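Q: Predicted model, plus sequence, below.
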Amino acid sequence: MHHKINLCVIGAAGRLGLCVLNALLHSEFLGKFNLVGAIVSKQSAHQNQSVASLSDLQTKLRFTNDLSQLLASSGDIIDIIIDCSLPESSLQTVKLIQQTKLVSKKLVLCATGFSSEQQEAIRQAANFLSIVFVPNASIGMNLTHALAKYAAKKIPELTDIQILETHHVHKKDAPSGAAKQLANSIEQITGQFPTIRSTRVGETIGEHTLLFNLNGEQIQLTHKALDRSIFALGALRAATWVNQVTQPGFYTMEDVLFLNAK
Ligand SMILES: NC(=O)c1ccc[n+]([C@@H]2O[C@H](COP(=O)([O-])OP(=O)(O)OC[C@H]3O[C@@H](n4cnc5c(N)ncnc54)[C@H](OP(=O)(O)O)[C@@H]3O)[C@@H](O)[C@H]2O)c1
């Protein structure tokens, strides 16, 4: 029998982090992971609070704000770190792990809104670590991305292309990571960077529409996230996938979902 994957979640008390904790109970992942760390920020009100009090998990584990201390004490047993915090602290995670020789070299980065310098630093780190870069962990959104790339290859040259994205008012970055990723792919194929329109309204989990405006007709490709758990399930799928990877590298959900396979 395979041993359980020892998991540490960073940003564990945030919206996405808590979803990842609860997704450990989903039938697809039940019994496959062993939660060994739940990290919050230095300023967090949740420091030392029991994980069971905020999530559905039955565990004695408490949220802690000291990642270096956890790495020093349990670094050798952690297999995978899923970082659900924000870009700045995700980058600190990457640096800390590079410095800690004992520790797992496998990371799933779920934050969005990295600057191009920060992304470059992550790519550099991926020479030594296995990093899955996951600005949108939803399986449906990644399939939408694959369909969009297919459509972009087939459309006539003079097509006006736009992306509309809507998220909840708490989202810190705009445009969304998924919209930027979509736009970059379209640009690589068509030479045209689509206009992106971002809307922040209510508690909308996430909606992306890609518009191809042809002469006298329009194609719309829309993905709607109806439940935040889809991101958490995708993140755990990425963690399960990268656990099998033997080489350092910069990986994406396209690798996890085999979307590049012919
Ligand atoms: N990849 C995807 O599919 C996906 C899906 C949804 C969201 N996201 C992205 O994921 C990120 C988090 O989103 P969210 O909605 O969960 O936001 P959130 O609720 O604000 O959660 C962020 C968490 O990060 C924690 N944090 C900040 N600095 C930290 C540090 N130095 N060490 C440890 N934890 C730290 C905060 O902790 P405290 O509260 O403890 O201070 C907070 O709980 C955003 O970038 C968002 O855009 C990605």
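A: Looks like it came in fine.
Q: Quick one: name the residues of the chain near the ligand.
A: 10-11, 13-17, 39-41, 43-44, 46, 84-86, 89, 110-113, 134-138, 171, 173, 231 (C-beta under 6 Å from any ligand atom). C-beta coordinates here come from the backbone N, C-alpha and C atoms, glycine included.
Q: quick one: which of those residues sit in strands?
A: Among those, the members falling in strands (DSSP state E) are Ile10, Ile39.
Q: Now list the buried members of the residues of the chain next to the ligand.
A: Neighbour counting by 16 or more other C-beta atoms under 10 Å classes 10-11, 13-14, 16-17, 39-41, 44, 46, 84-86, 89, 110-113, 134-138, 171, 173, 231 among the residues of the chain next to the ligand as buried.
Q: where exactly do the helices run in the stretch 151-262 of the chain?
A: 177-190, 229-244, 253-256 (DSSP state H, counting those that start in this stretch).
Q: Tell me which other helices or strands the second one touches.
A: Read that as helix 229-244. Applying 3 or more C-beta pairs under 8 Å, 6 or more residues apart in numbering; DSSP states H and E, one finds that helix 229-244 contacts strand 5-10, helix 15-23, strand 80-83, strand 106-109, strand 130-133, helix 139-154, helix 253-256.
Q: Show the contacting residues for Phe33.
A: Neighbouring residues of Phe33 by C-beta atoms under 8 Å, 6 or more residues apart in numbering: Lys4, Ile5, Asn6, Leu7, Leu24, Leu236, Ala239.
Q: could those go into TSV alongside distance to Leu129, neighbour count and pLDDT?
A: Below are the contacts of Phe33 laid out as TSV (distance: C-beta to C-beta, whole Å; neighbours: other C-beta atoms under 10 Å; pLDDT from 0 to 100):
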residue	distance to Leu129	neighbour count	pLDDT
Lys4	21	13	96
Ile5	16	21	96
Asn6	16	19	95
Leu7	16	26	96
Leu24	23	21	98
Leu236	19	25	98
Ala239	14	26	98
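Q: wait, which of the helices of the stretch 151-262 of the chain is closest to Leu164?
A: Minimum separation from Leu164 across the helices of the stretch 151-262 of the chain (C-beta to C-beta) falls at helix 177-190, 8.6 Å.
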